[in-house]
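In: need a 3D model of the sequence below.
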Amino acid sequence: MRFNPKADISGGRVRDVGGGGGGLGGGGMRLPIPGGSKAGGGLGGLLIIVLFVVLTQCVGGGGGGLPTPGGTGIDPQGQNGQAQGIDSGDERYANCKSGADAQEDVDCARVAVVASLEQYWATTLPEQGTQFQPSQVNTFSGGVGTGCGQASSQVGPFYCPADQQIYLDTTFFRDVLEGQLGGEGGAFVEPYVLAHEYGHHIQNLMGTMGRVRTQKGPESDAVRLELQADCYAGMWTKDASDGDGIFVGLTDQDITEALDAAKTVGDDRIQQKSGQGVDPEGWTHGSSEQRMRWFTTGLEQGSLEACDTFAASQL
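Out: The predicted model follows:
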């Protein structure tokens, strides 16, 4: 991927909130995870991630949400509010001003991606009659307080509807997505993840999260929500591919990396990694094939209508 060296990326809402304190509290809300809930090493520990978490009590407009018989590192009894920690964002991202900075520095590339997402949805969402409000992206390590509770780095990247913010431990891509789940990696993996999480923010603004009733299974509302976020990521990718002023354009390799990331975090692949066999009735995010296909739908068709997974007769 290449950035326009003259692009102004200073508006990208990214800050670093430090770390520490997050944990696997006994009262933590938990996601269904194949392979058990061992906190720490091993596949059982990594499966608490399942990437792109829509946090428990925030889905469906209130006290509902995803069933949580595993361990996610989310503690709803913890800090309830904005991201807490050492706000070192002015230091980590202070020099991220232009596309030239983004081309040379991975932190600045993150800022550029977020600026591009803000730009895209600020134009696209009002066309559907919904007012756009940007989301804040927070990078952290160890643990962080969120509006959805205290979260550890084991959660993986996630969006919290309660405070409308995205949280990202940047070591996830190397340590888990590539190291433990066996993804190919690449420069465009993180942009795909950020675009998916931003898709959850768009769903929140549009009220789509309130439609989640069924929370497990290959045709469940929870899976429809996740696949729609993948489709929204594809929509943004199409715009970036065409050159949006921040991106000069994307390559076929960028698209391949996004598709590989989608495949890597499919429920069926993660279940296979757990060694316990594939059980579609336990899916909450969709299979590898579904995730790749809905991302491709957004990429090729580029419309909210095409991404209406809730209207699809078959996922």
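In: which residues in the chain form strands?
Out: Using DSSP state E, the strands of the chain run over residues 2-3, 14-19, 53-54, 74-75, 136-141, 143-146, 149-152, 158-160, 165-168, 247-249.
In: to Thr309, which of those lies closest?
Out: When the strands of the chain are compared by C-beta to C-beta, strand 53-54 sits nearest Thr309, at 13.8 Å. Quick note: C-beta positions are derived from backbone N, CA and C, even for glycine.
In: middle-most residue in this structure, spatially?
Out: In the chain, the residue lying closest to the centroid (C-alpha atoms, centre = their mean) is Glu197, at 3.2 Å.
In: I'd like to know how far that residue sits from Gly217.
Out: 23 Å (C-beta to C-beta, to the nearest Å).
In: quick check: Ile9 touching Asp101?
Out: Yes. Counting by C-beta atoms under 8 Å, Asp101 is a contact partner of Ile9 at 7.2 Å.
In: which one of those two has more residues nearby?
Out: Of the pair Ile9 and Asp101, Ile9 is the one with more neighbours under other C-beta atoms under 10 Å, namely 27 against 21.
In: tell me the pLDDT at the more buried one?
Out: Looking at Ile9, its pLDDT reads 97.
In: just the one 5 residues further on next, same as before
Out: As predicted, Val14 sits at a pLDDT of 97.
In: His285 now?
Out: You'll see His285 listed with a pLDDT of 94.
In: for burial, what's the neighbour tally of the nearest residue to it once chain neighbours are set aside?
Out: Spatial nearest neighbour of His285, chain neighbours left out: Glu226 (4.4 Å); criterion: C-beta to C-beta, 6 or more residues apart in numbering. As a burial measure, Glu226 scores 30 neighbours (other C-beta under 10 Å).
In: if I look at Glu226, how far off is Leu125?
Out: Taken as C-beta to C-beta, the span from Glu226 to Leu125 is 20 Å.
In: what's the answer for Ser287, then?
Out: Counting by C-beta to C-beta, the gap from Ser287 to Leu125 is 28 Å.
In: let's have the strands of the chain in JSON lines, adding mean neighbour count and distance to Val106.
Out: Putting the strands of the chain into JSON lines (neighbours: other C-beta atoms under 10 Å; distance: least, C-beta to C-beta, whole Å) gives the following:
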{"stretch": "strand 2-3", "mean neighbour count": "19", "distance to Val106": "12"}
{"stretch": "strand 14-19", "mean neighbour count": "22", "distance to Val106": "12"}
{"stretch": "strand 53-54", "mean neighbour count": "28", "distance to Val106": "23"}
{"stretch": "strand 74-75", "mean neighbour count": "26", "distance to Val106": "27"}
{"stretch": "strand 136-141", "mean neighbour count": "23", "distance to Val106": "11"}
{"stretch": "strand 143-146", "mean neighbour count": "28", "distance to Val106": "20"}
{"stretch": "strand 149-152", "mean neighbour count": "26", "distance to Val106": "23"}
{"stretch": "strand 158-160", "mean neighbour count": "27", "distance to Val106": "20"}
{"stretch": "strand 165-168", "mean neighbour count": "26", "distance to Val106": "12"}
{"stretch": "strand 247-249", "mean neighbour count": "18", "distance to Val106": "16"}
